[in-house]
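> Pasting the sequence and the predicted coordinates here, then a few questions.
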Amino acid sequence: MHTGDWPSTAEEALAVQEALRGRVELTDDLPELPPTVTGLDVAYDEDDGIAAAVVTLETAGLTVVEERTHRAKAVFPYEPGLFAFRELPPLLAALSDLEREPDVLVCDGHGLAHPRRFGLACHLGVLTGRPAFGVGKTRFVGTHEPLGPARGASVPLVDAGEEVGAVLRTRDGVKPVYVSAGHRIGLAHACRLTLALTPRYRLPETTRRADRLSRAALR
DNA sequence: GCGACAG
DNA sequence: ATCTTGTCGC
């Protein structure tokens, strides 16, 4: 659980981002292939009901090690750029129920590829202290050159002259994903991990598992 | 002023 | 995010 107070307005949320953005660590102590990878996702119903799910997989083999869910009511509206304030509460609750400390968090959304360089992956990383990165399904900020058609192809995602992430093709001829560092992990490393998590589908196995679990938990 | 806009 | 049928392709 968190401290007790949570932003209720966009102004407060922006102030929190401003206060925490400096705590992002652009370091990388993570082993090339950490023992486990933890995916997170949130599902919604038509009445502000939300279900968060976290799934920890063994990196080699992608088998489930542990999974947890948490149901709640949304406490913040969806707003581009402030997305974390909506999903973080239930995600943190589910994470705190894990028995094994996550080695790295794979988020369904962006990290540094955010208007203020503090997307969900950065926020989650800073609050938990764990390494974290984001894998977004669609672009939020930045532009990029055309991308090759084969799995593994990638080009820098640039916003305001800064390299904020990478556009990465995880499957041949399939729409790419947007990878960005969140906390305590480098972009190249995050891309390599993303490829290790996509042996068959476009999205990381962590995200797919968490997505299924969160939907199931909603009922 | 006109779009764009993570999930 | 979620609402939803058929359809094209491997």
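The structure has been received and is ready for your questions.
> Show me the helices in chain A, by range?
A:10-20, A:84-96, A:120-128, A:187-196, A:205-217 (DSSP state H).
> pretty sure residue A:99 is in contact with residue A:68, am I right?
No. Using Cβ atoms under 8 Å, residue A:99 is not in contact with residue A:68, being 9.1 Å away. Just so you know, the C-beta spots here come from the backbone N, C-alpha and C atoms, and that holds for glycine as well.
> Between these two, which is the more surrounded one?
residue A:68 (19 against 8; other Cβ atoms under 10 Å).
> any idea how far that one lies from DNA strand C?
18 Å (Cβ to the nearest atom of the strand, to the nearest Å).
> That residue: what's it in contact with?
Residue A:68 makes contact with A:53-54, A:94-95, A:97-98, according to Cβ atoms under 8 Å, 6 or more residues apart in numbering.
> Give me the buried entries from the residues you listed.
A:53-54, A:94-95, A:98 (16 or more other Cβ atoms under 10 Å).
> And the furthest pair within the residues you listed?
Farthest-apart pair in those is A:53 and A:98; separation 11.4 Å (Cβ to Cβ).
> Quick one: residues contacting the residue in chain A positioned nearest to DNA strand C.
Closest to DNA strand C within chain A is residue A:43: 3.5 Å, counting by Cβ to the nearest atom of the strand. If you count contacts by Cβ under 8 Å, 6+ apart, residue A:43 has them with A:50-51, A:53, A:211, A:214-215, A:217-218.
> how about the residues of chain A near DNA strand B?
A:41-42, A:44, A:78, A:80-84, A:108-110, A:114, A:119-121, A:134, A:136-140 (Cβ under 7 Å from any atom of the strand).
> again, only using 6 Å
A:78, A:80-84, A:108-110, A:114, A:119-120, A:136-140 (Cβ under 6 Å from any atom of the strand).
> From residue A:78, how far out is the residue of chain A closest to DNA strand C?
Distance, residue A:43 to residue A:78, using Cβ to Cβ, to the nearest Å: 13 Å.
> Then residue A:218?
16 Å.
> Residue A:167 too?
From residue A:167 to residue A:78 the distance is 24 Å (Cβ to Cβ).
> more neighbours, those two?
Comparing residue A:167 with residue A:78 by other Cβ under 10 Å, the one with more neighbours is residue A:167, at 23 against 11.
> In space, not sequence, find me the middle residue of chain A.
Centroid-nearest residue in chain A, with Cα atoms, centre = their mean: residue A:107, separated by 1.5 Å.
> So it sits against residue A:135, correct?
Yes. Using Cβ under 8 Å, residue A:107 is in contact with residue A:135, at 7.0 Å.
> Tell me the confidence at residue A:4?
Looking at residue A:4, its pLDDT is 60.
> oh, I was asking about residue A:192
98.
> swap in the one 3 residues further on?
For residue A:195, the model assigns a pLDDT of 97.
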